[in-house]
Structure formats: structure tokens, C-alpha cells
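**Q** next one to model:
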Amino acid sequence: MIDFRRNYEHDGKIIQDTGDSAHAGPWMRRRRNRWFHHRAAASRPSWCLGADARPTLDVCSCPVKPTAPVPYDELASQEQVEAIMQPGGGTVVIDFWSPTCGPCLAMAQDFAEVAEQFDRSEVRFCKLDTATHPELAEPFNIRAVPTILFVHDGKILDAAVGRLSAKALGEKSEWLLGKAQRKPGFLRRLFG
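**A** Sure, this is the predicted structure:
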């Protein structure tokens, strides 16, 4: 029979871990959750434990990096969406996402990196949380997340459903910028 129990050393004492975190002390839960604690970049979690192993709201011992401003806009009102979708709304990449969607969360870092590479006056990047604001996603007939719309002057030129890599998202954004900067062709100039 395999013994899955582990022993931990805490303050010079050997403690046996039975695998049941409900009966384990707070220091043992802290040890198990340390991976999550050190990956909280934006803010310090409320369950951060002090040196005496009691839950506190004190400053944690791990360094917390100051958060940089996000390179995209959060869409939270109907007026913001209407401003994008009217003629003259500019060149916009809209990411429809949800906090419960794994691919959305995996793509979030790539979306931010690509958004940093473009000037906001050329291409504007926006995110719309479909869980918080489903009424804003309804007119676009969003059926799956992540869905990325490429919009120029109120017209949807392309849509991508599913996770895009940073390279693919960058290429599509370059394509959208090229469409926005292109002059009208001969037939368009001739017939209006």
C-alpha cells in the first residue's frame, strides 16, 4: 500500500500531513497555497498569513510589483459600445471574454502584450466582460468566448472565435490597421 502522507517541518517540529486540509492548521494550508500566493501580481490576497501563522491583513513578506496601467479599455456601458460602432468610431479590436473561461484567461496576457505594441490613436484595444455585461454582448450575437471582433468605423470586418496566439492576434491587428489606412479604390472613388 502506498502512503500518500507527507511530513512537514514547522518551527523545528515534524508534523504529519494526512492530506485533509480541513483538519490541518493554517500554516499547512499556507504551505499548500503558496504557489497561488506568489502569483498574485496585481494585489495581495486577503488570506495572506503573517509570521505567526494567523490570518492577518498585514503586508506580506513577498515583493509585490506595482501595477502598470493596462494598455486596453474596459467596456462597461452602452454609450462606450455605441461610440465604437458608429461611423467614425475608429479602428478597434474588441475582446469578448469571461472570468470563468480558461482560454480567455490564457489569452489575456497575449492580448495585453499586443495592445502595448500599437498606439491607441491607430488601433484601440477593448475588453468586454460577458459575464458582468451580457446585455452589451447580445447585439453582437456572441455565442462563445473568447470572441474577438475587428471593427473599423462601425463595421465589423472580421471575427475570431477561440484563443488566438500573440502572433496571430498581432497579424490580424496589423491587417486591420492596413485596412484602416488604405485609400479608397478606383471603383469606390468613381461610384462613391
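**Q** next helix or strand past the helix or strand of the chain with the lowest mean pLDDT?
**A** When the helices and strands of the chain are compared on mean pLDDT, DSSP states H and E, helix 34-38 comes out lowest with a mean of 43. Sequence order places strand 73-74 as the next helix or strand after helix 34-38, per DSSP states H and E.
**Q** give me the contact list for that following strand.
**A** 80, 124-129 (CB atoms under 8 Å, 6 or more residues apart in numbering). C-beta here means a position set from N, CA and C on the backbone, and glycine is covered the same way.
**Q** that one pairs with which strands, and in what direction?
**A** Partners of strand 73-74 in the sheet, by DSSP bridges, are strand 124-129 (parallel).
**Q** quick one: mean pLDDT over the strand it pairs with.
**A** The average pLDDT within strand 124-129 is 97.
**Q** report all helices and strands that the helix or strand just after that strand contacts.
**A** Next helix or strand after strand 124-129 toward the C-terminus (DSSP H and E): helix 134-137. The helices and strands touching helix 134-137, judged by 3 or more CB pairs under 8 Å, 6 or more residues apart in numbering; DSSP states H and E, are helix 78-85.
**Q** for the helix it packs on, what is the average pLDDT?
**A** The predicted confidence, averaged over helix 78-85, sits at 96.
**Q** do the same with stretch 92-106
**A** On average, stretch 92-106 scores 96.
**Q** in it, which residues are buried?
**A** 92-98, 101, 104 (16 or more other CB atoms under 10 Å).
**Q** in a markdown table: the residues you listed, plus secondary structure.
**A** Below are the buried residues of stretch 92-106 laid out as a markdown table (DSSP: H, G, I helix; E, B strand; the rest coil):
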| residue | secondary structure |
| --- | --- |
| Val92 | strand |
| Val93 | strand |
| Ile94 | strand |
| Asp95 | strand |
| Phe96 | strand |
| Trp97 | strand |
| Ser98 | coil |
| Cys101 | coil |
| Cys104 | helix |
